[in-house]
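# Pasting the sequence and the predicted coordinates here, then a few questions.
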Amino acid sequence: MKLYSLLSLSVSIGLTVATAADRINIAEDEATHSAYNGGWESGKNAGSGFGAWFFKSAGGQIPDSHSGFFIASSTAQPDLENAGPAGKAFGLFANGVEFEVACAFRAFDAPLAAGDSFSLLMECGEFARKFDHDDPRPGVVGFSLRTGTSAEAWDEFQTGARLQFGFYQGEGNYQVFDGEPDHDTGVPFTTGGISVTVTLVTPDTYNLEITNLDTKETKKLEGRKLAGDPGVPIESVE
């Protein structure tokens, strides 16, 4: 199954990286920054601690095929709830009759170190067919933490991936693909959105915390192994 093989509606996210010891933010960004007043575009860089955004997409070149990036707002997207606490969020969409993909890459100014946490707010609707002749391949929405910063092609999220998290069409729970054999988090999908926090314990192990933003219920998965070569750093998110 391919990550981001098809996004049926939109994804809304907020990004924060913090040092666990004193909870001082070492990197942050939000869709409310003035740099995004004119839209969310490849090459833009706001907040702190991150490099510029780079977008890669597939599909969207013929009628009934759509993919792209936008700033979601609670006014234009009334279903935007918990993932946009200030009324705005980063949005992606990909749906239709082709193989549609929307991927946003971003490098960290410095690799994550043991004790650092990466947090993300994510919200999406149920997967739904837009047309009767939609591409039949299953959809996925999620993110990848990886070593390396290359963003030359949309499928580079798999290159150097140490952890991939997402909602996969056909699965009732969120899934995580890392160095462990068990991928099911046990956390049911919700259209109300979730908060996901990844805390590095060592260069090769981490704790995962998932919170349902509606119910405030939290699931903790501790001491999980990262995928990839031992000791390689986490340098980017997609």
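Received, thanks.

# ok, and for stretch 69-79, which residues are buried?
69-73, 77 (16 or more other Cβ atoms under 10 Å). To be clear about C-beta, it is placed using only N, CA and C from the backbone, and glycine gets the same treatment.

# among the residues you listed, which are in strands?
Among the buried residues of stretch 69-79, DSSP state E puts 69-73 in strands.

# Adding distance to Gly170 and pLDDT, write those residues out as JSON lines.
Shown next, in JSON lines, are those (distance: Cβ to Cβ, whole Å; pLDDT from 0 to 100):
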{"residue": "Phe69", "distance to Gly170": "26", "pLDDT": "92"}
{"residue": "Phe70", "distance to Gly170": "27", "pLDDT": "91"}
{"residue": "Ile71", "distance to Gly170": "30", "pLDDT": "91"}
{"residue": "Ala72", "distance to Gly170": "26", "pLDDT": "87"}
{"residue": "Ser73", "distance to Gly170": "31", "pLDDT": "87"}
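
# Where does the prediction get shaky in the protein?
By pLDDT under 70, the low-scoring segments of the chain are 1-23.

# pretty sure Ser73 is touching Lys88, no?
Yes. In this structure Ser73 lies within contact range of Lys88 using Cβ atoms under 8 Å: 5.2 Å.

# Can you give the distance from stretch 40-54 to the centre of its chain?
15 Å (Cα atoms, centre = their mean, to the nearest Å).

# how about TSV for the buried residues of stretch 69-79, with distance to Ala35 added?
As requested, those are exported to TSV (distance: Cβ to Cβ, whole Å):
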residue	distance to Ala35
Phe69	14
Phe70	15
Ile71	11
Ala72	16
Ser73	16
Gln77	20
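
# what's the closest of those to Ile234?
Phe69 (23.1 Å; Cβ to Cβ).

# Could you give the number of residues near the residue lying closest to the closest one once chain neighbours are set aside?
Closest residue to Phe69 apart from its sequence neighbours, by Cβ to Cβ, 6 or more residues apart in numbering: Trp40 at 5.1 Å. A count of nearby residues for Trp40, using other Cβ atoms under 10 Å, gives 22.

# Likewise for Gln61?
As a burial measure, Gln61 scores 10 neighbours (other Cβ under 10 Å).

# State the distance from it to Glu156.
Distance of Gln61 to Glu156, given as Cβ to Cβ, to the nearest Å: 20 Å.

# same question, Asp134
Noted for Asp134: a distance of 25 Å to Glu156, by Cβ to Cβ.

# and what of Lys130?
Distance from Lys130 to Glu156, by Cβ to Cβ: 26 Å.

# Looking at these two now, which is surrounded by more residues?
Ranked by neighbour count (other Cβ under 10 Å), Lys130 and Glu156 place Glu156 first, with 21 against 15.

# Does the more buried one belong to a helix, a strand or coil?
What DSSP: H, G, I helix; E, B strand; the rest coil gives for Glu156 is helix.

# Tell me how many other residues crowd Thr197.
Applying other Cβ under 10 Å, we find 19 other residues in the vicinity of Thr197.

# In its sheet, which strands sit next to the helix or strand containing it, and in what direction?
Take DSSP states H and E as the rule and Thr197 turns out to sit in strand 194-202. Looking at strand 194-202 with DSSP bridges, its partner strands are strand 116-123 (antiparallel), strand 205-212 (antiparallel).

# Give me the buried stretch members for it, please.
194-200.

# give me every residue that touches the residue positioned nearest the centre of the chain.
The chain has Phe143 as the residue nearest its centroid, 3.2 Å off, counting by Cα atoms, centre = their mean. Neighbouring residues of Phe143 by Cβ atoms under 8 Å, 6 or more residues apart in numbering: 13, 120, 122, 164-166, 196, 237-238.
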